[in-house]
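Asks: Sequence first, then the predicted structure:
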Amino acid sequence: TTRPGPQARGTAQRRPAAVRRPSPTAAETVRQLPNPRLTGLGGGLFCAAVMFVLGCIDQFLFGASLTVYGVLFVPVCVLTAVWIRRGDLLTAPVVVPIAFAVGLFPVADGSGGLANRLVGVFTGLATQAGWLYGGTLVAGLIATVRRVRLLRRRRRA
């Protein structure tokens, strides 16, 4: 014979009480984000590829606005400086200006021909030097802070 289940006997199943967990702190939220570690070359390729794609998007959506391009450059600098691995920290402020120049190709003013496009890139580098220096400074500061923290940690150990 089979034994009747709990509903057949007239008793209701009890649900376990809901466990209330505290909301995660900001530090826990940041730890859950992706945390890739790029080599110096990988950081340069990442930064250059993202800036080129952002330049194409800027050309398509905003008609090659150099201000939009400059604003988009700064977060890419931050991500590059944060994601480069410890041993390659000194490459972060070197690769971001190169990536800025690479990403200017789709945005640069130059109708017809490579020479005109290059003139547009150099004009963009000259007129958007504030964004270029600002992004490079941000990447340099983040890399320097990370390097100092690394050296202090090694000294303590």
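Replies: On my side now, so go ahead. Just so it is clear, the structure is predicted and the values come from calculations on it, not from any experiment.

Asks: For Val95, which non-adjacent residue is spatially closest?
Replies: Leaving aside its sequence neighbours, Val95 sits nearest to Gly44 (CB to CB, 6 or more residues apart in numbering; 3.6 Å). In short, each C-beta sits where N, CA and C put it, glycine included.

Asks: A helix includes that neighbour, no?
Replies: Yes: if the criterion is DSSP: H, G, I helix; E, B strand; the rest coil, then Gly44 is within a helix.

Asks: where's it relative to Val78, distance?
Replies: Distance of Gly44 to Val78, given as CB to CB, to the nearest Å: 15 Å.

Asks: The two: who's more crowded?
Replies: Using other CB atoms under 10 Å as the criterion, Gly44 and Val78 rank with Gly44 on top: 22 against 17.

Asks: Could you check the pLDDT of that one?
Replies: With respect to pLDDT, Gly44 has a value of 95.

Asks: Likewise for Gln13?
Replies: With respect to pLDDT, Gln13 scores 71.

Asks: Can you tell me the SS state at it?
Replies: When classified by three-state DSSP, Gln13 comes out as coil.

Asks: ok, now how distant is it from Met51?
Replies: In terms of CB to CB, Gln13 sits 58 Å off from Met51.

Asks: in this protein, what spans have low per-residue confidence?
Replies: Applying pLDDT under 70 to the chain flags the ranges 1-12, 17-19, 26-27, 30-31, 33-34.

Asks: Next, please give the residue ranges for the helices of it.
Replies: Remark: helices assigned in the chain by DSSP state H are 26-32, 40-62, 66-83, 92-107, 114-127, 129-156.

Asks: so of those, which one's packed in deepest?
Replies: Comparing the helices of the chain by mean neighbour count (mean count of other CB atoms under 10 Å), helix 92-107 ranks first with a mean of 22.

Asks: Between helix 66-83 and that one, find me the angle.
Replies: Using axes from the mean of the first three to the mean of the last three CA atoms, to 10 degrees, one finds that helix 92-107 and helix 66-83 are set 150 degrees apart in direction.

Asks: Next, the residues that contact helix 92-107 from outside, please.
Replies: For helix 92-107, contacts defined as CB atoms under 8 Å, 6 or more residues apart in numbering pick out 40, 43-44, 47-48, 50-52, 54-56, 58-59, 64-66, 69, 73, 76-77, 80-81, 84, 117, 120-121, 124-125, 128, 131-132, 135-136, 139-140, 142-143.
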